[in-house]
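1. Got a sequence here, can you build the structure:
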Amino acid sequence: MKNFRFSTLMLWVGFAFIYLPMFILVIYSFNASRLVTVWGGWSTKWYVSLLDDRQLMGAVWRSLEIACYTAIAAVALGTMAAFVLTRVHRFKGRTLFGGLVTAPLVMPEVITGLSLLLLFVAMAQLVGWPAERGMMTIWIAHTTFCSAYVAVVVSARLRELDLSIEEAAMDLGARPWKVFFLITIPMIAPSLVAGGMMSFALSLDDLVLASFVSGPGATTLPMEVFSKVRLGVTPAINAVASLILLAVSLATFLVWFFAHRAEERRRRAIQQIMEESQAAIHARPEAKPAH
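-> Next up is the predicted model:
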(Lines give C-alpha, C1' and ligand atoms only; values in the text may rest on other atoms or scores of the structure.)
Protein backbone atom coordinates (compact mmCIF):
# COMPACT_ATOMS: atom_id res chain seq x y z
CA MET A 1 0.00 0.00 0.00
CA LYS A 2 2.85 2.37 0.87
CA ASN A 3 4.62 1.54 -2.40
CA PHE A 4 1.41 2.30 -4.30
CA ARG A 5 1.01 5.66 -2.59
CA PHE A 6 4.66 6.54 -3.22
CA SER A 7 4.37 5.59 -6.90
CA THR A 8 1.18 7.63 -7.26
CA LEU A 9 2.82 10.61 -5.56
CA MET A 10 5.86 10.43 -7.82
CA LEU A 11 3.58 10.13 -10.85
CA TRP A 12 1.77 13.34 -9.96
CA VAL A 13 5.07 15.06 -9.18
CA GLY A 14 6.32 14.08 -12.63
CA PHE A 15 3.14 15.36 -14.28
CA ALA A 16 3.43 18.64 -12.38
CA PHE A 17 7.09 19.00 -13.37
CA ILE A 18 6.22 18.54 -17.05
CA TYR A 19 2.88 20.29 -17.42
CA LEU A 20 2.91 23.03 -14.76
CA PRO A 21 5.34 25.24 -16.75
CA MET A 22 3.10 24.88 -19.80
CA PHE A 23 0.05 25.85 -17.75
CA ILE A 24 1.85 28.92 -16.38
CA LEU A 25 2.94 29.86 -19.91
CA VAL A 26 -0.66 29.74 -21.15
CA ILE A 27 -1.87 31.81 -18.19
CA TYR A 28 0.76 34.50 -18.71
CA SER A 29 -0.04 34.70 -22.42
CA PHE A 30 -3.19 36.56 -21.28
CA ASN A 31 -1.16 38.99 -19.18
CA ALA A 32 -2.03 42.63 -19.86
CA SER A 33 1.38 43.84 -18.70
CA ARG A 34 4.35 44.11 -21.05
CA LEU A 35 6.52 42.57 -18.33
CA VAL A 36 6.36 38.80 -18.31
CA THR A 37 7.06 38.44 -14.60
CA VAL A 38 4.52 41.08 -13.49
CA TRP A 39 0.83 40.22 -13.65
CA GLY A 40 -1.25 43.12 -14.95
CA GLY A 41 -4.66 41.56 -15.38
CA TRP A 42 -6.37 39.54 -18.09
CA SER A 43 -6.10 40.62 -21.71
CA THR A 44 -6.14 39.08 -25.18
CA LYS A 45 -4.24 41.93 -26.84
CA TRP A 46 -1.14 39.81 -27.38
CA TYR A 47 -3.11 37.33 -29.45
CA VAL A 48 -4.53 40.21 -31.49
CA SER A 49 -1.08 41.72 -31.95
CA LEU A 50 0.17 38.47 -33.48
CA LEU A 51 -1.93 39.16 -36.57
CA ASP A 52 -0.01 42.40 -37.09
CA ASP A 53 3.42 40.78 -36.67
CA ARG A 54 3.92 39.49 -40.20
CA GLN A 55 7.47 38.36 -39.55
CA LEU A 56 6.50 36.18 -36.60
CA MET A 57 3.40 34.75 -38.29
CA GLY A 58 5.43 34.06 -41.41
CA ALA A 59 7.91 32.10 -39.30
CA VAL A 60 5.03 30.14 -37.73
CA TRP A 61 3.52 29.10 -41.06
CA ARG A 62 6.96 28.37 -42.51
CA SER A 63 7.81 26.10 -39.57
CA LEU A 64 4.47 24.27 -39.81
CA GLU A 65 4.95 23.74 -43.54
CA ILE A 66 8.48 22.40 -43.10
CA ALA A 67 7.33 20.17 -40.24
CA CYS A 68 4.55 18.64 -42.37
CA TYR A 69 6.91 17.95 -45.27
CA THR A 70 9.49 16.54 -42.87
CA ALA A 71 6.99 14.18 -41.23
CA ILE A 72 5.90 12.76 -44.60
CA ALA A 73 9.42 12.31 -45.96
CA ALA A 74 10.82 10.94 -42.69
CA VAL A 75 8.05 8.34 -42.40
CA ALA A 76 8.66 7.17 -45.98
CA LEU A 77 12.46 6.96 -45.70
CA GLY A 78 12.47 5.65 -42.13
CA THR A 79 9.98 2.90 -42.97
CA MET A 80 12.06 1.74 -45.93
CA ALA A 81 15.21 1.71 -43.80
CA ALA A 82 13.43 -0.20 -41.02
CA PHE A 83 12.10 -2.74 -43.51
CA VAL A 84 15.61 -3.37 -44.84
CA LEU A 85 17.07 -3.70 -41.34
CA THR A 86 14.42 -6.16 -40.12
CA ARG A 87 13.54 -8.20 -43.21
CA VAL A 88 16.77 -8.31 -45.23
CA HIS A 89 18.96 -10.29 -42.87
CA ARG A 90 22.05 -10.95 -44.96
CA PHE A 91 23.72 -8.48 -47.28
CA LYS A 92 27.15 -6.92 -47.43
CA GLY A 93 27.40 -3.79 -45.37
CA ARG A 94 24.34 -4.47 -43.22
CA THR A 95 26.13 -3.41 -40.03
CA LEU A 96 27.45 -0.27 -41.72
CA PHE A 97 23.98 0.52 -43.06
CA GLY A 98 22.43 0.14 -39.61
CA GLY A 99 25.08 2.39 -38.12
CA LEU A 100 24.52 5.06 -40.77
CA VAL A 101 20.75 4.97 -40.20
CA THR A 102 21.03 5.47 -36.44
CA ALA A 103 24.06 7.81 -36.50
CA PRO A 104 21.97 11.03 -36.31
CA LEU A 105 20.57 9.83 -32.97
CA VAL A 106 23.95 9.98 -31.24
CA MET A 107 25.67 12.68 -33.29
CA PRO A 108 25.57 16.23 -31.87
CA GLU A 109 23.30 18.51 -33.85
CA VAL A 110 26.10 21.04 -34.19
CA ILE A 111 28.21 18.48 -36.06
CA THR A 112 25.27 17.46 -38.24
CA GLY A 113 24.37 21.06 -39.02
CA LEU A 114 27.95 22.03 -39.86
CA SER A 115 28.45 18.98 -42.10
CA LEU A 116 25.21 19.67 -43.97
CA LEU A 117 26.18 23.33 -44.40
CA LEU A 118 29.53 22.33 -45.91
CA LEU A 119 27.74 19.82 -48.15
CA PHE A 120 25.27 22.40 -49.46
CA VAL A 121 28.05 24.94 -50.08
CA ALA A 122 30.15 22.37 -51.94
CA MET A 123 27.18 21.23 -54.04
CA ALA A 124 26.31 24.83 -54.90
CA GLN A 125 29.86 25.38 -56.15
CA LEU A 126 30.08 22.11 -58.09
CA VAL A 127 26.61 21.56 -59.59
CA GLY A 128 24.90 24.88 -58.88
CA TRP A 129 22.32 23.41 -56.51
CA PRO A 130 21.03 24.60 -54.15
CA ALA A 131 21.28 28.09 -55.59
CA GLU A 132 20.36 29.52 -52.19
CA ARG A 133 19.68 28.05 -48.78
CA GLY A 134 16.11 28.21 -47.56
CA MET A 135 13.10 25.99 -46.92
CA MET A 136 14.44 23.20 -49.13
CA THR A 137 17.74 22.89 -47.28
CA ILE A 138 15.99 23.06 -43.89
CA TRP A 139 13.59 20.34 -45.02
CA ILE A 140 16.46 18.10 -46.16
CA ALA A 141 18.30 18.61 -42.87
CA HIS A 142 15.21 17.87 -40.77
CA THR A 143 14.35 14.81 -42.85
CA THR A 144 17.88 13.45 -42.40
CA PHE A 145 17.61 13.92 -38.66
CA CYS A 146 14.06 12.64 -38.16
CA SER A 147 14.32 9.57 -40.41
CA ALA A 148 16.53 7.91 -37.81
CA TYR A 149 13.82 8.21 -35.16
CA VAL A 150 11.19 6.78 -37.50
CA ALA A 151 13.48 3.90 -38.44
CA VAL A 152 13.98 2.95 -34.78
CA VAL A 153 10.26 3.13 -33.95
CA VAL A 154 9.12 1.20 -37.02
CA SER A 155 11.90 -1.41 -36.63
CA ALA A 156 10.69 -2.21 -33.13
CA ARG A 157 7.16 -2.75 -34.46
CA LEU A 158 8.28 -4.85 -37.43
CA ARG A 159 10.23 -7.20 -35.15
CA GLU A 160 7.04 -7.87 -33.15
CA LEU A 161 4.89 -8.80 -36.15
CA ASP A 162 3.79 -12.35 -36.77
CA LEU A 163 5.33 -13.26 -40.13
CA SER A 164 2.89 -16.14 -40.55
CA ILE A 165 0.15 -13.65 -41.47
CA GLU A 166 2.17 -12.28 -44.38
CA GLU A 167 3.27 -15.78 -45.38
CA ALA A 168 -0.35 -16.96 -45.40
CA ALA A 169 -1.31 -14.08 -47.69
CA MET A 170 1.50 -14.96 -50.10
CA ASP A 171 0.50 -18.63 -50.01
CA LEU A 172 -2.97 -17.53 -51.12
CA GLY A 173 -1.47 -15.81 -54.16
CA ALA A 174 -0.93 -12.23 -53.01
CA ARG A 175 2.08 -10.50 -54.50
CA PRO A 176 4.74 -9.05 -52.15
CA TRP A 177 3.80 -5.43 -52.86
CA LYS A 178 0.13 -6.22 -52.17
CA VAL A 179 1.05 -7.94 -48.91
CA PHE A 180 3.12 -4.93 -47.90
CA PHE A 181 0.44 -2.32 -48.59
CA LEU A 182 -2.65 -4.28 -47.51
CA ILE A 183 -1.30 -6.28 -44.56
CA THR A 184 2.04 -4.98 -43.30
CA ILE A 185 1.25 -1.26 -43.48
CA PRO A 186 -2.07 -1.54 -41.54
CA MET A 187 -0.35 -3.60 -38.83
CA ILE A 188 2.44 -1.06 -38.37
CA ALA A 189 0.15 1.97 -38.77
CA PRO A 190 0.39 2.99 -35.07
CA SER A 191 4.18 3.13 -35.29
CA LEU A 192 3.96 5.13 -38.51
CA VAL A 193 1.67 7.65 -36.83
CA ALA A 194 3.96 7.81 -33.80
CA GLY A 195 7.01 8.33 -36.00
CA GLY A 196 5.23 11.00 -38.02
CA MET A 197 4.14 12.93 -34.94
CA MET A 198 7.62 12.65 -33.46
CA SER A 199 9.16 13.95 -36.70
CA PHE A 200 6.66 16.81 -36.79
CA ALA A 201 7.48 17.82 -33.22
CA LEU A 202 11.25 17.52 -33.70
CA SER A 203 11.15 19.61 -36.87
CA LEU A 204 8.95 22.24 -35.28
CA ASP A 205 11.26 22.45 -32.27
CA ASP A 206 14.62 22.42 -34.05
CA LEU A 207 16.87 25.46 -33.75
CA VAL A 208 20.43 24.22 -34.29
CA LEU A 209 20.07 22.57 -37.71
CA ALA A 210 17.88 25.36 -39.07
CA SER A 211 20.39 27.97 -37.91
CA PHE A 212 23.14 26.31 -39.95
CA VAL A 213 21.30 25.53 -43.20
CA SER A 214 18.77 28.37 -43.44
CA GLY A 215 19.20 31.44 -45.59
CA PRO A 216 17.79 34.95 -45.89
CA GLY A 217 14.00 34.99 -45.68
CA ALA A 218 13.78 31.43 -44.34
CA THR A 219 13.60 32.08 -40.60
CA THR A 220 11.76 29.39 -38.65
CA LEU A 221 9.73 29.87 -35.49
CA PRO A 222 12.47 28.69 -33.06
CA MET A 223 14.95 31.04 -34.73
CA GLU A 224 12.51 33.95 -34.52
CA VAL A 225 11.67 33.22 -30.88
CA PHE A 226 15.35 32.88 -29.98
CA SER A 227 16.18 36.22 -31.59
CA LYS A 228 13.33 37.91 -29.71
CA VAL A 229 14.19 36.26 -26.39
CA ARG A 230 17.67 37.75 -26.50
CA LEU A 231 16.03 41.19 -26.47
CA GLY A 232 13.64 40.21 -23.67
CA VAL A 233 10.67 37.86 -23.40
CA THR A 234 7.26 39.44 -24.04
CA PRO A 235 3.77 37.97 -23.57
CA ALA A 236 3.55 37.80 -27.37
CA ILE A 237 6.05 34.92 -27.28
CA ASN A 238 3.86 33.22 -24.68
CA ALA A 239 0.86 33.68 -26.97
CA VAL A 240 2.68 32.04 -29.89
CA ALA A 241 3.79 29.14 -27.69
CA SER A 242 0.23 28.72 -26.39
CA LEU A 243 -1.15 28.51 -29.93
CA ILE A 244 1.48 25.92 -30.84
CA LEU A 245 0.56 23.89 -27.74
CA LEU A 246 -3.10 24.10 -28.70
CA ALA A 247 -2.40 22.96 -32.26
CA VAL A 248 -0.21 20.05 -31.17
CA SER A 249 -2.71 18.97 -28.49
CA LEU A 250 -5.58 19.10 -30.97
CA ALA A 251 -3.63 17.08 -33.54
CA THR A 252 -2.69 14.50 -30.90
CA PHE A 253 -6.31 14.18 -29.78
CA LEU A 254 -7.54 13.74 -33.36
CA VAL A 255 -4.93 11.05 -34.04
CA TRP A 256 -5.87 9.23 -30.83
CA PHE A 257 -9.59 9.55 -31.59
CA PHE A 258 -9.41 8.11 -35.09
CA ALA A 259 -6.95 5.41 -34.04
CA HIS A 260 -9.26 4.43 -31.18
CA ARG A 261 -12.24 4.26 -33.54
CA ALA A 262 -10.28 2.12 -36.00
CA GLU A 263 -9.21 -0.22 -33.19
CA GLU A 264 -12.81 -0.53 -31.97
CA ARG A 265 -14.02 -1.35 -35.49
CA ARG A 266 -11.30 -3.97 -35.82
CA ARG A 267 -12.24 -5.58 -32.51
CA ARG A 268 -15.93 -5.61 -33.42
CA ALA A 269 -15.13 -7.18 -36.78
CA ILE A 270 -13.01 -9.89 -35.13
CA GLN A 271 -15.71 -10.55 -32.54
CA GLN A 272 -18.37 -10.76 -35.24
CA ILE A 273 -16.29 -13.23 -37.24
CA MET A 274 -15.73 -15.37 -34.14
CA GLU A 275 -19.45 -15.35 -33.30
CA GLU A 276 -20.38 -16.28 -36.86
CA SER A 277 -17.81 -19.08 -36.82
CA GLN A 278 -19.16 -20.45 -33.54
CA ALA A 279 -22.73 -20.21 -34.82
CA ALA A 280 -21.77 -22.10 -37.96
CA ILE A 281 -20.09 -24.82 -35.89
CA HIS A 282 -23.16 -25.21 -33.64
CA ALA A 283 -25.51 -25.23 -36.62
CA ARG A 284 -23.55 -27.96 -38.38
CA PRO A 285 -25.39 -31.32 -38.04
CA GLU A 286 -23.54 -33.90 -36.04
CA ALA A 287 -22.29 -36.87 -38.00
CA LYS A 288 -24.16 -40.07 -37.19
CA PRO A 289 -21.96 -42.99 -36.12
CA ALA A 290 -21.62 -45.71 -38.75
CA HIS A 291 -23.31 -49.05 -37.91
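2. got the residue ranges for the helices in the stretch 151-291 of the chain?
-> Taking DSSP state H, counting those that start in this stretch, the helices of the stretch 151-291 of the chain run over residues 163-171, 176-179, 185-187, 189-205, 208-213, 221-229, 235-283.
3. now the second one: mean pLDDT?
-> I take that to be helix 176-179. Throughout helix 176-179, pLDDT has a mean value of 86.
4. Figure out how far it is from the centre of its chain.
-> 26 Å (C-alpha atoms, centre = their mean, to the nearest Å).
5. Can you mark which positions in that helix are buried?
-> V179 (16 or more other C-beta atoms under 10 Å). (Glycine included, C-beta is placed from N, CA and C.)
6. which other residues reach that helix?
-> The contact list for helix 176-179, computed with C-beta atoms under 8 Å, 6 or more residues apart in numbering, reads E166, A169, M170.
7. Would you quantify the distance from the residue nearest to the last one when sequence neighbours are not counted to L172?
-> In this case it means M170. Closest residue to M170 apart from its sequence neighbours, by C-beta to C-beta, 6 or more residues apart in numbering: V179 at 5.9 Å. Counting by C-beta to C-beta, to the nearest Å, the gap between V179 and L172 amounts to 10 Å.
8. E263 too?
-> 25 Å.
9. swap in L243?
-> With the distance defined as C-beta to C-beta, L243 ends up 50 Å from L172.
10. When E263 and L172 are compared, which one has more neighbours?
-> Taking neighbours as other C-beta atoms under 10 Å, E263 and L172 compare with E263 leading, 11 against 8.
11. Check N3 and give its pLDDT.
-> pLDDT at N3 comes out at 68.
12. Same check on L243?
-> Reading off the model, L243 has pLDDT 84.
13. and what of I270?
-> In this model, I270 carries a pLDDT of 69.
14. so what secondary structure elements neighbour the strand or helix carrying R5?
-> Assigned by DSSP states H and E, R5 belongs to helix 2-28. On a contact count with 3 or more C-beta pairs under 8 Å, 6 or more residues apart in numbering; DSSP states H and E, helix 2-28 meets helix 235-283.
15. The helix it packs on vs helix 221-229, what angle?
-> Relative orientation of helix 235-283 versus helix 221-229 (axes from the mean of the first three to the mean of the last three C-alpha atoms, to 10 degrees): 150 degrees.
16. What helices and strands are in contact with helix 235-283?
-> Using 3+ C-beta pairs under 8 Å, 6+ apart: helix 235-283 touches helix 2-28, helix 45-50, helix 54-87, helix 189-205, helix 221-229.
17. That one versus helix 2-28: what angle between them?
-> 130 degrees.
18. and helix 235-283, how far out from the chain's middle?
-> Distance of helix 235-283 from the chain centroid (C-alpha atoms, centre = their mean) equals 17 Å.
19. Renumber starting at 144 from here on
-> With the count now opening at 144, the last piece we talked about shows up as helix 378-426.
20. how near is W189 to F226?
-> W189 is 47 Å from F226, by C-beta to C-beta.
21. ok, and the closest non-adjacent residue to T287?
-> P247 (6.4 Å).
22. Just read off the phi/psi values of L315.
-> L315 has phi and psi values of phi -80, psi 0 when expressed as degrees, to the nearest 10.
23. Can you tell me how far the nearest residue to C211 once chain neighbours are set aside is from V293?
-> For C211, ignoring the flanking residues on the chain, the nearest one in space by C-beta to C-beta, 6+ apart is F343 at 7.0 Å. Separation of F343 from V293 (C-beta to C-beta): 11 Å.
24. The two: who's more crowded?
-> V293 (29 against 24).
25. Off-centre distance for the helix or strand where that one lies?
-> Under the criterion of DSSP H and E, V293 resides in helix 278-303. Put simply, helix 278-303 sits 9 Å off its chain's centre (C-alpha atoms, centre = their mean).
26. How about stretch 254-268?
-> 25 Å.
27. Give me the mean pLDDT for it.
-> On average, stretch 254-268 scores 93.
28. what do you get for stretch 395-404?
-> 82.
29. hmm, back to that, do you know the pLDDT at the residue nearest to T287?
-> 89.
30. wouldn't it be in contact with S258 here?
-> No. Counting by C-beta atoms under 8 Å, P247 stays clear of S258, with 10.6 Å between them.
31. Show me which of the two is the more surrounded one.
-> Per other C-beta under 10 Å, whichever of P247 and S258 has more neighbours is P247, with 18 against 14.
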